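> Show me the folded form of this:
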Amino acid sequence: MIRSVSILATGSELLDGRVVDTNSNFVAKELSERGLALKRILVVDDDLHELVGGLGELSKVSDFIITSGGLGPTSDDLTRDAVSKFFGVGLSEHPDGRKHLEQFFAKRGRPLDPTNLKQALLPVGARMVPNENGTAPGFLCSKEGLATVVSLSGVPREFKAMFLGTVLPIIEREAAGVQKIERRAFKTFGFPESLIGRLVEGLKLPQEVVVSYRAAFPEVHVVLKAPQGFDLNTSAGQVREAIGPECVYTEVADETFVAMIHRHLLERGATVATAESCTGGMVSEMLTRTPGSSASFVGGIVAYSDSVKANVVGVADKTLKANGAVSAETVRELAAEARERLQATIGVSISGIAGPDGGSAEKPVGTFFVGISSPFLTRELRCLYMSERHNIRTYASYVALDLIRRALTGLPAPATYPIAK
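As a prediction, this is how the structure comes out:
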(Lines give C-alpha, C1' and ligand atoms only; values in the text may rest on other atoms or scores of the structure.)
Protein backbone atom coordinates (compact mmCIF):
# COMPACT_ATOMS: atom_id res chain seq x y z
CA MET A 1 0.00 0.00 0.00
CA ILE A 2 1.38 3.39 -1.02
CA ARG A 3 1.19 6.08 1.67
CA SER A 4 3.69 8.63 0.39
CA VAL A 5 5.61 9.26 -2.84
CA SER A 6 8.97 10.96 -3.35
CA ILE A 7 11.22 11.66 -6.34
CA LEU A 8 14.96 11.21 -6.69
CA ALA A 9 16.22 13.12 -9.73
CA THR A 10 19.79 12.63 -10.85
CA GLY A 11 22.10 14.58 -13.12
CA SER A 12 24.82 17.19 -12.77
CA GLU A 13 22.95 19.20 -15.41
CA LEU A 14 20.09 19.66 -12.92
CA LEU A 15 22.44 21.01 -10.28
CA ASP A 16 24.46 23.42 -12.41
CA GLY A 17 21.47 25.04 -14.11
CA ARG A 18 21.86 23.59 -17.60
CA VAL A 19 18.54 21.73 -17.39
CA VAL A 20 15.34 22.43 -15.43
CA ASP A 21 13.75 19.46 -13.63
CA THR A 22 10.39 19.45 -15.42
CA ASN A 23 9.78 15.77 -14.62
CA SER A 24 9.23 16.39 -10.91
CA ASN A 25 6.91 19.28 -11.72
CA PHE A 26 4.92 17.01 -14.03
CA VAL A 27 4.55 14.28 -11.39
CA ALA A 28 3.55 16.79 -8.72
CA LYS A 29 0.83 18.19 -10.98
CA GLU A 30 -0.52 14.75 -11.95
CA LEU A 31 -0.64 13.58 -8.35
CA SER A 32 -2.18 16.84 -7.13
CA GLU A 33 -5.03 16.49 -9.59
CA ARG A 34 -5.81 13.14 -8.00
CA GLY A 35 -5.73 14.36 -4.42
CA LEU A 36 -2.18 13.12 -3.80
CA ALA A 37 0.95 15.02 -2.92
CA LEU A 38 4.68 14.47 -3.16
CA LYS A 39 6.50 14.02 0.14
CA ARG A 40 9.98 15.02 -1.06
CA ILE A 41 11.90 15.93 -4.22
CA LEU A 42 15.62 15.27 -3.96
CA VAL A 43 18.16 16.13 -6.68
CA VAL A 44 21.60 14.50 -6.57
CA ASP A 45 24.71 14.40 -8.72
CA ASP A 46 25.74 11.52 -10.99
CA ASP A 47 27.56 9.81 -8.14
CA LEU A 48 26.92 6.28 -6.87
CA HIS A 49 27.35 7.21 -3.21
CA GLU A 50 24.97 10.17 -3.59
CA LEU A 51 22.36 8.07 -5.33
CA VAL A 52 22.40 5.24 -2.80
CA GLY A 53 22.35 7.77 0.02
CA GLY A 54 19.44 9.59 -1.60
CA LEU A 55 17.43 6.36 -1.84
CA GLY A 56 18.12 5.66 1.80
CA GLU A 57 17.12 9.16 2.87
CA LEU A 58 13.86 9.11 0.92
CA SER A 59 12.99 5.60 2.09
CA LYS A 60 12.78 6.96 5.65
CA VAL A 61 9.82 9.18 4.72
CA SER A 62 8.29 7.45 1.68
CA ASP A 63 7.29 3.96 0.68
CA PHE A 64 7.29 4.69 -3.07
CA ILE A 65 10.24 6.38 -4.77
CA ILE A 66 10.42 7.46 -8.41
CA THR A 67 13.90 8.00 -9.84
CA SER A 68 14.40 10.20 -12.88
CA GLY A 69 17.46 9.93 -15.10
CA GLY A 70 20.70 7.96 -15.05
CA LEU A 71 19.54 5.09 -17.28
CA GLY A 72 21.65 5.93 -20.32
CA PRO A 73 24.55 3.91 -21.79
CA THR A 74 27.45 6.07 -20.57
CA SER A 75 29.72 5.76 -17.53
CA ASP A 76 27.94 8.51 -15.58
CA ASP A 77 24.55 6.74 -15.84
CA LEU A 78 24.53 5.06 -12.45
CA THR A 79 20.90 4.70 -11.39
CA ARG A 80 20.63 0.97 -12.13
CA ASP A 81 23.84 0.38 -10.13
CA ALA A 82 22.54 2.46 -7.22
CA VAL A 83 19.17 0.71 -7.10
CA SER A 84 20.75 -2.74 -7.25
CA LYS A 85 23.08 -1.78 -4.38
CA PHE A 86 20.16 -0.34 -2.39
CA PHE A 87 18.28 -3.63 -2.70
CA GLY A 88 21.38 -5.74 -2.23
CA VAL A 89 21.10 -7.56 -5.56
CA GLY A 90 23.18 -7.78 -8.70
CA LEU A 91 22.51 -6.71 -12.27
CA SER A 92 21.60 -9.06 -15.08
CA GLU A 93 20.59 -8.69 -18.71
CA HIS A 94 16.82 -8.66 -18.97
CA PRO A 95 15.69 -10.58 -22.09
CA ASP A 96 12.86 -8.15 -22.78
CA GLY A 97 15.29 -5.27 -22.32
CA ARG A 98 17.64 -6.64 -24.98
CA LYS A 99 14.69 -7.40 -27.28
CA HIS A 100 13.49 -3.80 -26.87
CA LEU A 101 16.91 -2.46 -27.88
CA GLU A 102 17.18 -4.74 -30.90
CA GLN A 103 13.72 -3.74 -32.12
CA PHE A 104 14.32 -0.05 -31.42
CA PHE A 105 17.46 0.09 -33.59
CA ALA A 106 16.11 -2.23 -36.28
CA LYS A 107 13.03 -0.06 -36.72
CA ARG A 108 15.30 2.90 -37.44
CA GLY A 109 17.56 0.99 -39.80
CA ARG A 110 20.58 1.34 -37.49
CA PRO A 111 22.89 -1.33 -36.06
CA LEU A 112 22.66 -1.93 -32.32
CA ASP A 113 25.65 -0.25 -30.69
CA PRO A 114 27.07 -2.70 -28.12
CA THR A 115 27.42 0.23 -25.71
CA ASN A 116 23.64 0.41 -25.49
CA LEU A 117 23.43 -3.14 -24.15
CA LYS A 118 24.19 -1.63 -20.75
CA GLN A 119 20.61 -0.38 -20.83
CA ALA A 120 19.30 -3.94 -20.85
CA LEU A 121 20.93 -4.57 -17.45
CA LEU A 122 18.33 -4.44 -14.68
CA PRO A 123 18.51 -5.27 -10.97
CA VAL A 124 17.85 -8.97 -10.41
CA GLY A 125 14.13 -9.55 -9.82
CA ALA A 126 13.11 -6.16 -11.25
CA ARG A 127 9.99 -5.71 -13.37
CA MET A 128 10.72 -3.91 -16.63
CA VAL A 129 8.85 -0.68 -17.40
CA PRO A 130 8.43 -0.26 -21.18
CA ASN A 131 9.83 2.82 -22.91
CA GLU A 132 8.25 3.20 -26.33
CA ASN A 133 10.02 6.49 -27.06
CA GLY A 134 13.63 5.73 -26.22
CA THR A 135 16.32 3.12 -25.73
CA ALA A 136 16.34 2.97 -21.93
CA PRO A 137 13.69 0.70 -20.38
CA GLY A 138 12.72 1.52 -16.82
CA PHE A 139 12.25 -0.93 -13.99
CA LEU A 140 10.42 -1.44 -10.71
CA CYS A 141 12.00 -3.04 -7.66
CA SER A 142 10.36 -3.98 -4.38
CA LYS A 143 11.48 -5.87 -1.27
CA GLU A 144 9.93 -6.42 2.14
CA GLY A 145 11.08 -3.72 4.53
CA LEU A 146 12.26 -1.32 1.82
CA ALA A 147 10.54 1.35 -0.22
CA THR A 148 9.39 0.37 -3.71
CA VAL A 149 11.59 2.06 -6.32
CA VAL A 150 10.59 2.68 -9.92
CA SER A 151 13.29 4.06 -12.20
CA LEU A 152 12.39 5.99 -15.36
CA SER A 153 14.29 7.69 -18.17
CA GLY A 154 15.09 11.33 -17.46
CA VAL A 155 14.22 12.49 -20.98
CA PRO A 156 10.92 14.40 -20.39
CA ARG A 157 9.06 12.90 -23.36
CA GLU A 158 10.05 9.39 -22.33
CA PHE A 159 9.55 10.01 -18.60
CA LYS A 160 6.00 11.34 -19.03
CA ALA A 161 4.88 8.44 -21.21
CA MET A 162 6.38 5.87 -18.84
CA PHE A 163 4.86 7.55 -15.79
CA LEU A 164 1.39 7.83 -17.28
CA GLY A 165 1.45 4.38 -18.85
CA THR A 166 2.81 2.32 -15.97
CA VAL A 167 3.53 4.23 -12.75
CA LEU A 168 0.43 6.37 -12.29
CA PRO A 169 -1.96 3.38 -12.57
CA ILE A 170 0.04 1.62 -9.83
CA ILE A 171 -0.14 4.66 -7.55
CA GLU A 172 -3.85 5.15 -8.16
CA ARG A 173 -4.54 1.49 -7.45
CA GLU A 174 -2.42 1.16 -4.34
CA ALA A 175 -2.50 4.65 -2.75
CA ALA A 176 -4.00 4.75 0.74
CA GLY A 177 -6.27 7.41 2.22
CA VAL A 178 -6.58 9.45 -0.95
CA GLN A 179 -9.17 12.19 -0.69
CA LYS A 180 -10.46 13.04 -4.14
CA ILE A 181 -10.89 16.71 -4.90
CA GLU A 182 -13.13 18.84 -7.06
CA ARG A 183 -11.28 21.26 -9.32
CA ARG A 184 -12.09 24.17 -11.62
CA ALA A 185 -9.51 26.01 -13.73
CA PHE A 186 -9.57 29.49 -15.27
CA LYS A 187 -6.82 30.43 -17.70
CA THR A 188 -6.48 34.15 -18.30
CA PHE A 189 -4.59 36.68 -20.35
CA GLY A 190 -4.67 40.47 -20.22
CA PHE A 191 -4.86 41.19 -16.49
CA PRO A 192 -1.73 41.13 -14.29
CA GLU A 193 -1.57 38.55 -11.51
CA SER A 194 -1.99 41.17 -8.78
CA LEU A 195 -5.31 42.32 -10.21
CA ILE A 196 -6.55 38.75 -10.73
CA GLY A 197 -5.73 38.00 -7.11
CA ARG A 198 -7.48 41.15 -5.90
CA LEU A 199 -10.63 40.32 -7.86
CA VAL A 200 -10.84 36.72 -6.67
CA GLU A 201 -9.88 37.38 -3.06
CA GLY A 202 -12.58 40.04 -2.83
CA LEU A 203 -15.23 37.37 -3.39
CA LYS A 204 -14.87 35.81 0.08
CA LEU A 205 -15.40 32.27 -1.19
CA PRO A 206 -16.43 29.46 1.21
CA GLN A 207 -13.67 28.14 3.46
CA GLU A 208 -13.88 24.74 1.74
CA VAL A 209 -12.63 26.36 -1.47
CA VAL A 210 -8.87 26.69 -1.83
CA VAL A 211 -7.67 29.12 -4.51
CA SER A 212 -4.25 28.83 -6.11
CA TYR A 213 -2.59 31.07 -8.69
CA ARG A 214 0.08 30.29 -11.25
CA ALA A 215 1.85 32.88 -13.33
CA ALA A 216 2.67 31.16 -16.64
CA PHE A 217 3.96 34.26 -18.47
CA PRO A 218 2.14 35.99 -19.98
CA GLU A 219 -0.85 34.05 -18.67
CA VAL A 220 -2.27 33.76 -15.17
CA HIS A 221 -4.03 30.53 -14.17
CA VAL A 222 -6.54 30.37 -11.30
CA VAL A 223 -7.51 26.99 -9.84
CA LEU A 224 -10.31 26.33 -7.37
CA LYS A 225 -10.09 23.16 -5.26
CA ALA A 226 -12.56 21.65 -2.82
CA PRO A 227 -13.21 18.24 -1.21
CA GLN A 228 -15.01 15.68 -3.35
CA GLY A 229 -18.75 16.23 -3.24
CA PHE A 230 -18.52 19.97 -2.62
CA ASP A 231 -20.47 21.88 -5.28
CA LEU A 232 -18.04 24.31 -6.91
CA ASN A 233 -20.58 25.68 -9.39
CA THR A 234 -21.49 28.75 -7.32
CA SER A 235 -17.88 29.65 -6.52
CA ALA A 236 -16.81 29.04 -10.11
CA GLY A 237 -19.60 31.30 -11.33
CA GLN A 238 -18.45 34.07 -8.99
CA VAL A 239 -14.86 33.79 -10.21
CA ARG A 240 -15.99 33.71 -13.84
CA GLU A 241 -18.02 36.87 -13.38
CA ALA A 242 -15.33 38.67 -11.38
CA ILE A 243 -12.59 38.13 -13.97
CA GLY A 244 -14.91 38.23 -16.97
CA PRO A 245 -14.78 36.91 -20.55
CA GLU A 246 -12.39 39.75 -21.37
CA CYS A 247 -9.58 37.74 -19.81
CA VAL A 248 -10.74 34.16 -19.16
CA TYR A 249 -9.83 32.49 -22.42
CA THR A 250 -10.68 28.92 -21.37
CA GLU A 251 -11.92 26.84 -18.45
CA VAL A 252 -10.53 23.63 -19.91
CA ALA A 253 -7.52 22.73 -17.77
CA ASP A 254 -5.41 21.22 -20.55
CA GLU A 255 -6.33 23.64 -23.35
CA THR A 256 -3.51 26.00 -24.30
CA PHE A 257 -3.91 29.56 -25.55
CA VAL A 258 -2.92 28.54 -29.05
CA ALA A 259 -5.20 25.48 -29.08
CA MET A 260 -8.07 27.74 -28.03
CA ILE A 261 -7.36 30.08 -30.97
CA HIS A 262 -7.23 27.11 -33.33
CA ARG A 263 -10.56 25.83 -31.99
CA HIS A 264 -12.29 29.18 -32.57
CA LEU A 265 -10.83 29.45 -36.07
CA LEU A 266 -12.14 26.01 -36.99
CA GLU A 267 -15.56 26.75 -35.50
CA ARG A 268 -15.87 29.89 -37.63
CA GLY A 269 -14.23 28.38 -40.70
CA ALA A 270 -11.77 31.28 -40.64
CA THR A 271 -8.12 31.53 -41.68
CA VAL A 272 -5.25 33.76 -40.57
CA ALA A 273 -2.27 35.41 -42.23
CA THR A 274 0.45 37.36 -40.43
CA ALA A 275 2.88 40.20 -41.13
CA GLU A 276 5.41 40.53 -38.32
CA SER A 277 8.31 42.84 -37.66
CA CYS A 278 9.75 42.88 -34.12
CA THR A 279 8.33 39.43 -33.27
CA GLY A 280 10.21 37.85 -36.17
CA GLY A 281 7.64 35.14 -36.90
CA MET A 282 6.68 34.24 -33.33
CA VAL A 283 2.94 34.56 -34.04
CA SER A 284 3.26 32.27 -37.04
CA GLU A 285 5.25 29.77 -35.00
CA MET A 286 2.65 29.79 -32.24
CA LEU A 287 -0.22 29.38 -34.69
CA THR A 288 1.41 26.27 -36.14
CA ARG A 289 2.06 24.48 -32.84
CA THR A 290 -1.31 22.75 -32.90
CA PRO A 291 -1.70 19.67 -35.14
CA GLY A 292 -4.08 20.44 -37.99
CA SER A 293 -3.18 24.13 -38.01
CA SER A 294 -2.92 24.05 -41.81
CA ALA A 295 -6.71 24.24 -41.83
CA SER A 296 -6.62 27.70 -40.28
CA PHE A 297 -3.17 29.23 -40.85
CA VAL A 298 -2.46 30.39 -44.39
CA GLY A 299 1.03 31.82 -43.99
CA GLY A 300 3.07 34.71 -42.72
CA ILE A 301 5.62 37.33 -43.77
CA VAL A 302 8.49 38.41 -41.53
CA ALA A 303 8.70 42.03 -42.60
CA TYR A 304 11.64 43.06 -40.46
CA SER A 305 13.12 45.80 -42.62
CA ASP A 306 11.26 48.78 -44.06
CA SER A 307 12.13 47.62 -47.57
CA VAL A 308 10.33 44.30 -46.97
CA LYS A 309 7.38 46.12 -45.43
CA ALA A 310 7.14 48.26 -48.55
CA ASN A 311 8.27 46.01 -51.41
CA VAL A 312 7.00 42.61 -50.25
CA VAL A 313 3.98 43.37 -48.08
CA GLY A 314 2.92 46.56 -49.81
CA VAL A 315 3.02 49.26 -47.14
CA ALA A 316 3.04 52.65 -48.87
CA ASP A 317 6.33 54.56 -48.81
CA LYS A 318 4.52 57.69 -47.68
CA THR A 319 3.09 55.79 -44.68
CA LEU A 320 6.53 54.69 -43.55
CA LYS A 321 8.08 58.12 -44.13
CA ALA A 322 5.31 60.05 -42.40
CA ASN A 323 4.69 57.76 -39.43
CA GLY A 324 7.62 55.37 -39.12
CA ALA A 325 7.67 51.59 -39.04
CA VAL A 326 6.42 51.49 -35.46
CA SER A 327 3.05 53.15 -35.85
CA ALA A 328 -0.68 52.49 -36.03
CA GLU A 329 -0.72 53.48 -39.69
CA THR A 330 1.97 50.95 -40.61
CA VAL A 331 0.40 47.99 -38.77
CA ARG A 332 -2.96 48.90 -40.29
CA GLU A 333 -1.54 48.48 -43.77
CA LEU A 334 0.52 45.42 -42.80
CA ALA A 335 -2.57 43.61 -41.51
CA ALA A 336 -4.74 44.56 -44.47
CA GLU A 337 -2.09 43.64 -47.04
CA ALA A 338 -1.29 40.31 -45.35
CA ARG A 339 -4.97 39.45 -45.36
CA GLU A 340 -5.43 40.40 -49.02
CA ARG A 341 -2.20 39.02 -50.46
CA LEU A 342 -2.44 35.69 -48.66
CA GLN A 343 -6.22 35.50 -49.13
CA ALA A 344 -7.05 34.92 -45.46
CA THR A 345 -10.11 35.77 -43.44
CA ILE A 346 -8.02 37.60 -40.83
CA GLY A 347 -4.78 39.51 -41.15
CA VAL A 348 -2.73 40.40 -38.05
CA SER A 349 0.42 42.48 -37.81
CA ILE A 350 3.00 43.60 -35.25
CA SER A 351 5.69 46.27 -35.32
CA GLY A 352 7.57 47.49 -32.28
CA ILE A 353 10.75 48.25 -30.37
CA ALA A 354 11.88 45.13 -28.48
CA GLY A 355 15.19 46.64 -27.38
CA PRO A 356 17.46 46.81 -25.65
CA ASP A 357 18.27 49.73 -27.97
CA GLY A 358 16.21 51.78 -30.39
CA GLY A 359 13.77 53.47 -28.03
CA SER A 360 13.04 57.18 -27.75
CA ALA A 361 11.14 59.50 -25.44
CA GLU A 362 8.13 59.27 -27.74
CA LYS A 363 8.41 55.52 -28.29
CA PRO A 364 10.40 53.87 -25.49
CA VAL A 365 11.63 50.27 -25.59
CA GLY A 366 8.61 48.04 -25.10
CA THR A 367 6.36 50.07 -27.38
CA PHE A 368 4.61 48.01 -30.02
CA PHE A 369 1.62 48.34 -32.30
CA VAL A 370 -0.68 45.47 -33.25
CA GLY A 371 -3.16 45.54 -36.11
CA ILE A 372 -6.00 43.25 -37.12
CA SER A 373 -8.00 43.30 -40.34
CA SER A 374 -11.09 41.10 -40.58
CA PRO A 375 -14.82 41.09 -41.31
CA PHE A 376 -15.41 40.85 -37.56
CA LEU A 377 -12.93 43.36 -36.13
CA THR A 378 -10.50 45.88 -37.59
CA ARG A 379 -8.35 47.78 -35.11
CA GLU A 380 -4.87 49.01 -34.30
CA LEU A 381 -3.58 49.21 -30.75
CA ARG A 382 -0.61 50.92 -29.22
CA CYS A 383 0.83 49.02 -26.24
CA LEU A 384 3.72 49.47 -23.85
CA TYR A 385 5.18 46.45 -22.11
CA MET A 386 8.46 47.37 -20.43
CA SER A 387 10.58 44.25 -19.94
CA GLU A 388 13.48 42.43 -21.54
CA ARG A 389 13.51 41.65 -25.24
CA HIS A 390 12.13 38.10 -25.20
CA ASN A 391 9.24 39.02 -22.91
CA ILE A 392 8.28 42.03 -25.02
CA ARG A 393 8.17 39.91 -28.17
CA THR A 394 6.20 37.14 -26.42
CA TYR A 395 3.69 39.58 -24.96
CA ALA A 396 3.18 41.29 -28.31
CA SER A 397 2.54 37.90 -29.93
CA TYR A 398 -0.09 37.09 -27.33
CA VAL A 399 -1.81 40.42 -27.94
CA ALA A 400 -2.07 39.62 -31.64
CA LEU A 401 -3.52 36.19 -30.86
CA ASP A 402 -5.93 37.67 -28.32
CA LEU A 403 -7.25 40.09 -30.94
CA ILE A 404 -7.96 37.07 -33.14
CA ARG A 405 -9.87 35.49 -30.24
CA ARG A 406 -11.90 38.66 -29.74
CA ALA A 407 -12.66 38.96 -33.44
CA LEU A 408 -13.93 35.38 -33.56
CA THR A 409 -15.96 35.50 -30.33
CA GLY A 410 -17.49 38.96 -30.66
CA LEU A 411 -15.59 40.52 -27.76
CA PRO A 412 -14.57 44.17 -28.15
CA ALA A 413 -10.91 45.11 -28.37
CA PRO A 414 -9.55 46.95 -25.30
CA ALA A 415 -7.89 50.34 -25.57
CA THR A 416 -4.51 48.76 -24.90
CA TYR A 417 -2.71 45.90 -23.14
CA PRO A 418 -2.27 45.14 -20.27
CA ILE A 419 -6.00 45.77 -20.05
CA ALA A 420 -5.88 46.95 -16.42
CA LYS A 421 -3.10 47.54 -13.93
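> Tyr395: what secondary structure?
At Tyr395 the chain is in helix, as set by DSSP: H, G, I helix; E, B strand; the rest coil.
> List the residues that contact it.
Pro218, Cys383, Tyr385, Ser387, Tyr417 (CB atoms under 8 Å, 6 or more residues apart in numbering). The C-beta positions use only the backbone N, C-alpha and C, and glycine is treated the same way.
> Check Ala126 too.
Val83, His94, Phe139, Leu140, Cys141.
> Which strand residues bridge the last one?
According to DSSP bridges, the partner residues bridging Cys141 are Val149.
> rewinding a little: may I ask which of the contacts of Ala126 has the most neighbours?
Within those, neighbour counts (other CB atoms under 10 Å) peak at Val83, which reaches 27 neighbours.
> Kindly confirm my reading that that residue is in a helix.
Yes - assigned with three-state DSSP, Val83 falls within a helix.
> before we move on, back to that, got a quick ChimeraX command for the buried subset of the contacts of Tyr395?
Command for ChimeraX that selects the buried part of those, burial taken from 16 or more other CB atoms under 10 Å:
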select :218,383,385,387,417
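> Okay, and which of the contacts of Tyr395 map to strands?
Judged by DSSP state E, those include Cys383 as members of strands.
> Could you identify the pair within the contacts of Tyr395 that is furthest apart?
Spanning the widest gap among the contacts of Tyr395 are Ser387 and Tyr417, at 12.8 Å by CB to CB.
> hmm, back to that, so which of the contacts of Tyr395 belong to helices?
The helices, defined by DSSP state H, take in nothing from those.
> okay, Glu33: pLDDT?
For Glu33, the pLDDT comes out at 76.
> Could you check how far it is from His221?
13 Å (CB to CB, to the nearest Å).
> Does Val312 belong to a helix, a strand or coil?
helix.
> can you confirm Ile261 is in a strand?
No - Ile261: not assigned to a strand; according to three-state DSSP it is helix.
> wait, what's in contact with it?
Leu287, Leu401, Ile404, Arg405.
> Phe26 too?
Counted by CB under 8 Å, 6+ apart, Phe26 has contacts Pro156, Phe159, Lys160, Phe163.
> Quick check: the third one is in a strand.
No - under the criterion used here (three-state DSSP), Lys160 is helix, not part of a strand.
> how many other residues sit next to it?
18.
> Could you do the first one as well?
The local packing count at Pro156 equals 16, with neighbours defined by other CB under 10 Å.
> can you pull the contacts of it?
Thr22, Asn23, Phe26.
> Format the contacts of Tyr395 as a markdown table; extra columns: pLDDT and distance to Ala344.
Below are the contacts of Tyr395 laid out as a markdown table (pLDDT from 0 to 100; distance: CB to CB, whole Å):
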| residue | pLDDT | distance to Ala344 |
| --- | --- | --- |
| Pro218 | 97 | 25 |
| Cys383 | 97 | 23 |
| Tyr385 | 96 | 26 |
| Ser387 | 95 | 30 |
| Tyr417 | 96 | 23 |
